[in-house]
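Trainee: Attaching a predicted model along with its sequence, questions to come.
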Amino acid sequence: MTQSRIKMILALVLLLTCPLLAAEPAQPAAAAPQAAAPETDWFHNPAPWLDMGADLRFREHYGYNWTALDDDLRDGLGNNASDFHFERYRARWWTKIKFDETTAVNTKMTWEFRTWDNPASRDQHTDFDEIIIDNLNLSMKHFLNTPTTATIGRQDIMNLGKGWLIFEGTPLDGSRTMYFDAARFTIDVAEKTKLDLIYIKNQPSSDWWLKPINDRNKFVTQEEEHGAIVYLTDKSTPTQFEGYFIYKNNNPVDGPAFNFSRAAIPRFSKKAEIFTLGGAISAPINENWNYRVEGAFQGGTSASPNTALTANDQTESLRAFGGKGDLEYGFKDEYDNRLHVVYEYLSGDDPGSKHRVESFNPLWGQWPQWSELFQPYVTQLEDNLVSNLQRVAFGHKFKPNKQWDIYTDYHLLYANENTFRGGARFSDHGKFRGHLLTAWARYNFSKHLKGNLVFEHMWPGGYYSDQSRDNALYFHWTVEYTF
């Protein structure tokens, strides 16, 4: 079966299914009152000891100049290598097996495959790929008769702060998974104060202890990682305080490895031992204004982000700083209009300094926090990490009705250092990365069906060489059904 036929079938199934899924069930005619029967849910709660859920997601991506900012980029056969167009199909099924009111085993299986249209260098056939064990953990409340919840095993960690440094454990496979192999202990210190103690051990290959079905030997993170997190969250007053200490040890992988994009991993695999101390404050100023400020210092050792200066396994002293501030004004009107301004600073590595690295490491914050184009794709020009950055963003959010949420942001992007000066795609002295426009539109068709549209446009600045100063575009649309 040809690639085009497969895509036509998949698209037809999607178009036929969405209206049926979006439709609200018809209401039965009124009947005489009867004795109440116990509620049953054959799928979500098939037994008192079992909860289940599932979702399906389709996403189509289109982009131009994502990874090189170069209209003239060609592959070895002379084909355009800057034009990307592909589809993603993802299905997930999760369960919670309850032994009693406090103890449960949580699982999640994820299956995602892709079809490629461009670039021509990618395999132009549908590969149904692998099914990965996305979550498998044991959760225990009142652990050892203490006010502690323990979660041990493969799990998602998505609720510490705003995800600036801790959110994504598997950045190389995009949003297919984001798990951590970890042991987490959440202690209720007081009614609105909690302390998280977390140990993490992530391996590059997804099959290191839970082998996927139809394993394709995909890498999900750049290095062998282990680390520890101490995170205090205090919500006992209107001003919320967060404080944390994070330890992360990275060891490079040996030999070539590949992910969905078939990009070689060793280029981005660097040795580091990073100690991060930071915190955040957030609060409403009044009924309209609110703010959040977060900052962190980093020490330890790290390989240089510029491989021309330091080999991947040779480290230097690390001294880095990062911070982010967000100020928002809410109009409190019928459309929930909101305006915000954001400033973010991530220190960059000075190529002139000796025996020291100043590049701030985003740790487990490698996900598209504010751009689907810049963060995962444009950064491949450098060290595949969002660093060496000053960002000023002006944004607007509103809800034209109950179904729509629309977000628009304009970003000014700067570099702090010319870390890669002398490279073919970087200037020797420019610091302006460029202008970036991002727009999101989310729509809720029904209780179970939702979708979104994303558009981004980047105009590169003088930080890049003349060769890599062509505009870049990104677009995707998504439909997702949750059972």
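Mentor: Received the coordinates, thanks.
Trainee: Tell me who's in contact with S236.
Mentor: Neighbour list for S236: A190, E191, K192, T193 [criterion: C-beta atoms under 8 Å, 6 or more residues apart in numbering]. To be clear about C-beta, it is placed using only N, CA and C from the backbone, and glycine gets the same treatment.
Trainee: repeat for N418
Mentor: P351, F426, S427, D428, H429, G430, K431, Y463.
Trainee: Pull out the buried residues from those.
Mentor: Among those, those that count as buried by neighbour count (16 or more other C-beta atoms under 10 Å) are P351, F426, S427, G430, K431, Y463.
Trainee: I97: neighbour count?
Mentor: 15 (other C-beta atoms under 10 Å).
Trainee: all helices of the protein, in order?
Mentor: 3-22 (DSSP state H).
Trainee: At the geometric centre of it, which residue sits there?
Mentor: W367 (2.9 Å; C-alpha atoms, centre = their mean).
Trainee: gap between that residue and L172?
Mentor: Applying C-beta to C-beta, to the nearest Å, the value for W367 to L172 is 11 Å.
Trainee: can you check L437 too?
Mentor: From L437 to L172 the distance is 27 Å (C-beta to C-beta).
Trainee: neighbour-wise, which of those two wins?
Mentor: L172 (25 against 15).
Trainee: close enough to count as contact, that one and F219?
Mentor: Yes. Assessed by C-beta atoms under 8 Å, L172 is found in contact with F219 at 5.5 Å.
Trainee: quick one: which of the contacts of S236 is most hemmed in?
Mentor: Neighbour tally across the contacts of S236 (other C-beta under 10 Å): the maximum, 14 neighbours, falls on T193.
Trainee: doesn't L232 make contact with it?
Mentor: Yes. Using C-beta under 8 Å, T193 makes contact with L232 at a distance of 7.5 Å.
Trainee: residues contacting L318?
Mentor: A272, I274, Q298, G299, G300, T301, S302, R356, V357, E358, N361.
Trainee: Could you give the bridge partners of the closest residue to F374 other than its chain neighbours?
Mentor: In space, and not counting its chain neighbours, F374 is closest to L436: 6.1 Å by C-beta to C-beta, 6 or more residues apart in numbering. Counting by DSSP bridges, L436 forms beta bridges with H411, M458.
Trainee: Find me the pLDDT at L436, would you?
Mentor: pLDDT for L436: 98.
Trainee: Now do the contacts for it.
Mentor: So L436 contacts S371, L373, F374, Y410, H411, L413, E456, H457, M458, W459 (C-beta under 8 Å, 6+ apart).
Trainee: do E294 as well
Mentor: G161, K162, W164, E242, G278, G279, A280, I281, G323, K324, G325.
Trainee: In CSV, list the residues you listed along with distance to K248.
Mentor: Below are these laid out as CSV (distance: C-beta to C-beta, whole Å):
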residue, distance to K248
G161, 16
K162, 19
W164, 14
E242, 18
G278, 13
G279, 17
A280, 18
I281, 24
G323, 19
K324, 19
G325, 24
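Trainee: Buried by neighbour count, from those: which ones?
Mentor: G161, K162, W164, E242, G278, G279, A280, G323, K324, G325.
Trainee: burial of the residue nearest to P204 when sequence neighbours are not counted, as a residue count?
Mentor: Computed as C-beta to C-beta, 6+ apart, the closest residue to P204 that is not its neighbour in sequence is F219, at 4.5 Å. F219 sits with 22 neighbouring residues when counted by other C-beta under 10 Å.
Trainee: What of E334?
Mentor: Based on other C-beta under 10 Å, the number of other residues close to E334 is 10.
Trainee: do the same with W93
Mentor: W93: 16 neighbours (other C-beta under 10 Å).
Trainee: Quickly note the distance from the nearest residue to it once chain neighbours are set aside to T110.
Mentor: Of all residues not flanking W93 in the chain, A54 sits nearest, at 4.5 Å (C-beta to C-beta, 6+ apart). Going from A54 to T110 by C-beta to C-beta gives 11 Å.
Trainee: Specify which residue of the two has the higher count of neighbours.
Mentor: More neighbours surround T110 than the other of A54 and T110, with 21 against 16 (other C-beta under 10 Å).
Trainee: Would you mind listing the residues in contact with that one?
Mentor: By C-beta under 8 Å, 6+ apart, T110 lies in contact with R90, A91, R92, I131, I132, D134, R176, T177.
Trainee: partner residues bridging it?
Mentor: Applying DSSP bridges, one finds that T110 bridges with R92, I132.
Trainee: Can you check the pLDDT for it?
Mentor: For T110, pLDDT reads 98.
Trainee: ok so, going back, so the residue nearest to P204 makes contact with S269?
Mentor: No. Between F219 and S269 there is no contact under C-beta under 8 Å: 9.3 Å.
Trainee: Now do F321: how many residues are near it, please.
Mentor: Neighbours around F321, by other C-beta under 10 Å: 14.
Trainee: In contact with it, which residues?
Mentor: G295, A296, F297, Q298, Y345, S347, F360.
Trainee: helices and strands of the protein: which one bottoms out on pLDDT?
Mentor: Lowest on mean pLDDT, DSSP states H and E among the helices and strands of the chain sits helix 3-22, with a mean of 47.
Trainee: And the closest residue in space to T146 that isn't next to it in sequence, how far from K235?
Mentor: Using C-beta to C-beta, 6+ apart and skipping residues adjacent in sequence, the residue nearest T146 is I187, 7.3 Å away. Distance from I187 to K235, counting by C-beta to C-beta: 15 Å.
Trainee: cool, and K192?
Mentor: Taking C-beta to C-beta, one finds K192 at 4 Å from K235.
Trainee: One more: L197?
Mentor: In terms of C-beta to C-beta, L197 sits 18 Å off from K235.
Trainee: Also H85?
Mentor: From H85 to K235 the distance is 45 Å (C-beta to C-beta).
Trainee: hang on, the earlier thing: ok, of the contacts of E294, which one's closest to Q467?
Mentor: Nearest to Q467 among the contacts of E294, counting by C-beta to C-beta, is K324 at 31.7 Å.
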